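Colleague: below: sequence and its predicted model.
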Amino acid sequence: MISYFPKYVEAFWLTVRIGWLGIFLSIVLGIVSAFTIYFRIPVLSRITGAYVEIFRNTPLLVQLFFLYFGIPKLGLSVSAETCGIVGMGLLGGSYMAEAFRSSLGAIPKLQKESAEALGMTSFQAFFRVILPEAWILSIPAVVANVIFLLKETSVFSAISLMDLMFTAKDLIGLYYDTTEALFMLVVFYIIMLVPVSAAGSILEKRARYKMFGE
Amino acid sequence: MGFEVLLKGNNLARLLGGLGVALKISLLSVCISLILGTVLGSLMNDRHPLIKGVLRGYLEIVRIMPQLVLLFLAYFGTTRVLGINISAQTASILVFSFWGTAEMSDLVRGALSGIPPIQYESSMALGFSDFQTLVHIIIPQIVRRMIPLSINLITRMIKTTSLIMMIGIVEVLKVGQQIIEANRKSDPNAAFGIYFTVFILYFAVCWPISKLSRYLEKKWEA
């Protein structure tokens, strides 16, 4: 079992790297999409709206297969790692967009009107009043999405990225040490996700204080 | 572009058949999860420390473990450790129900905790038993909040079922792979057409369901 350890550590870092890069990309994409939808920017909001619907309603595995095996047939070839990051970013972007959009929508109109009555321009009202409130409101959904996305990284083994899942499958196939391989798999996922889950709970609690406390 | 392959032989029918396998497994697990989840969710606010602890642990496991890992544990792990040999279909139904039940019970718990305590107190004052309170007072109030959320859970479960190909069930992606392999020579671009079709098929199944959920949510909000 000890001899497998380095293999798992390597796979662990790959999973973490792709996961967090994908999550970063998805937050950026999510913010951009949510803004275009919120401000009803003419053509763009249609496009991002369709994007969100399409990616929210299809499984990551199918998206990855399409990106990794389908797209190269059009003459655009990408490495498995790029494909994983892009796939995760696209999937996550649609979830994040939904989270940001709904929290922007949940801010009562009164806030904007009051801010304008106080003499703020609509630009100031958005960046000083609405955005900070919506940001805090969206934290629980964002935390849930981050955990969801980190879990989804397990799918990457399907496009032959050497992630934790792939390593476990490989070891089972090579040595038939099913029990050990699966045990290590569970342990490494626990190491990866428990800190995130705990940090998420703390963040949510602080967000709640910000909203209702003081 | 590789779409011609679909019209060869009965390829399209085979793809749809594969989708059918995935849907059958997800719908079976959905039914189990909705029922078990409702029961567990109502227990979730129980004050007994043992029940509370066990349920918390269960939720935490499901929250942290990827469904694919659970699938591997159920399919490969049980055979090795317990010596039971379950079929891939049984394993996937077990895992998806295990996961769905946790999600559903969390939804029920959330809806229940939104009911103000005065409702319970009033019905107690009127002489209702605990069971009667649940059936006549509480459930009618949470059903409207629950239905859109559970429909949403159904689409998530359908999407997650795509993972079953990883433990060797022949569902729509696997059928797609087989078609691509079989036509490698005659249609080198089949991968694009086939995977695009699979993508659209999943979208065609999930999109109406999420629309329905969104519609009901809006309608009942007022």
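Modeller: Good, I have the coordinates. Every value quoted in this text rests on a predicted model; they were computed, and no experiment measured them. Numbers count the residues shown, from 1 in each chain, chains lettered A, B, ... in the order given.
Colleague: which stretches of the chain aren't confidently modelled?
Modeller: Here I'm looking at chain A. Within chain A, the ranges that satisfy pLDDT under 70 run A:1-2, A:212-214.
Colleague: the chain in question should be chain B.
Modeller: Applying pLDDT under 70 to chain B flags residues B:1, B:222.
Colleague: list the residues that contact the spatially most central residue of it.
Modeller: Centroid-nearest residue in chain B: B:M157, 2.6 Å away (criterion: Cα atoms, centre = their mean). By Cβ atoms under 8 Å, 6 or more residues apart in numbering or on different chains, the contact set of B:M157 is B:S26, B:S29, B:V30, B:S33, B:F96, B:G100. Heads up, the C-betas are built off the backbone N, CA and C, glycines and all.
Colleague: which of those lies closest to chain A?
Modeller: Ranked by distance to chain A (Cβ to the nearest Cβ), those are led by B:S26 at 10.8 Å.
Colleague: buried ones in stretch A:78-92, by neighbour count?
Modeller: Residues A:A80, A:E81, A:C83, A:G84, A:I85, A:V86, A:G87, A:M88, A:G89, A:L90, A:L91, A:G92 are the ones in stretch A:78-92 that count as buried (16 or more other Cβ atoms under 10 Å in any protein chain shown).
Colleague: ditto for stretch B:130-140
Modeller: B:T133, B:L134, B:I137, B:I138.
Colleague: try stretch B:142-150
Modeller: B:I142, B:R145, B:M146, B:P148, B:L149, B:S150.
Colleague: show me which pair in those is furthest apart.
Modeller: The largest separation in these, counting by Cβ to Cβ, is between B:I142 and B:P148 at 11.8 Å.
Colleague: which one among the buried residues of stretch B:142-150 gets closest to A:T36?
Modeller: Lowest distance from A:T36 to these (Cβ to Cβ) belongs to B:P148, with 25.4 Å.
Colleague: ok, A:S201 - how many residues close by?
Modeller: Neighbour count of A:S201, defined by other Cβ atoms under 10 Å in any protein chain shown: 12.
Colleague: for B:L163, see how far away it is.
Modeller: As judged by Cβ to Cβ, to the nearest Å, A:S201 and B:L163 stand 27 Å apart.
Colleague: next one: B:P116
Modeller: Distance check for B:P116 against B:L163: by Cβ to Cβ, it reads 40 Å.
Colleague: between those two, which has more neighbouring residues?
Modeller: A count of neighbours by other Cβ under 10 Å puts B:L163 above the other of B:P116 and B:L163, at 27 against 9.
Colleague: can you pull the contacts of that one?
Modeller: Counting by Cβ under 8 Å, 6+ apart, B:L163 makes contact with A:P59, A:L61, A:V155, B:Q67, B:L68, B:L71, B:S92.
Colleague: 7 Å instead, please
Modeller: Counting by Cβ atoms under 7 Å, 6 or more residues apart in numbering or on different chains, B:L163 touches A:L61, B:Q67, B:L68, B:L71.
Colleague: now swap in B:I86 and tell me
Modeller: The neighbourhood of B:I86, defined by Cβ under 7 Å, 6+ apart, consists of B:T78.
Colleague: can you map out the helices along the chain?
Modeller: Reading this off chain A. Here chain A has its helices, by DSSP state H, at A:5-38, A:42-56, A:60-65, A:80-105, A:109-117, A:122-124, A:131-152, A:164-175, A:178-212.
Colleague: was after chain B, sorry
Modeller: Remark: helices assigned in chain B by DSSP H are B:11-43, B:49-64, B:67-72, B:78-81, B:88-113, B:117-125, B:130-132, B:139-160, B:172-182, B:190-221.
Colleague: among those helices, show me which one is buried the most.
Modeller: Burial of the helices of chain B is given as mean neighbour count (mean count of other Cβ atoms under 10 Å in any protein chain shown); helix B:67-72 ranks first at a mean of 24.
Colleague: before we move on, back to that, farthest pair within the contacts of B:L163?
Modeller: For those, the maximum inter-member distance is 12.1 Å, found between A:L61 and B:L71 (Cβ to Cβ).
Colleague: name the residues of chain B found near chain A, please.
Modeller: Contact residues, chain B versus chain A (Cβ under 7 Å from any Cβ of the partner chain): B:2, B:63-66, B:68-69, B:72-73, B:76-77, B:80-81, B:155, B:159-160, B:162-163, B:166, B:173, B:189, B:191-192, B:195-196, B:198-199, B:202-203, B:206-207, B:210.
Colleague: residues in contact with stretch B:211-222?
Modeller: B:R144, B:I147, B:P148, B:I151, B:N152.
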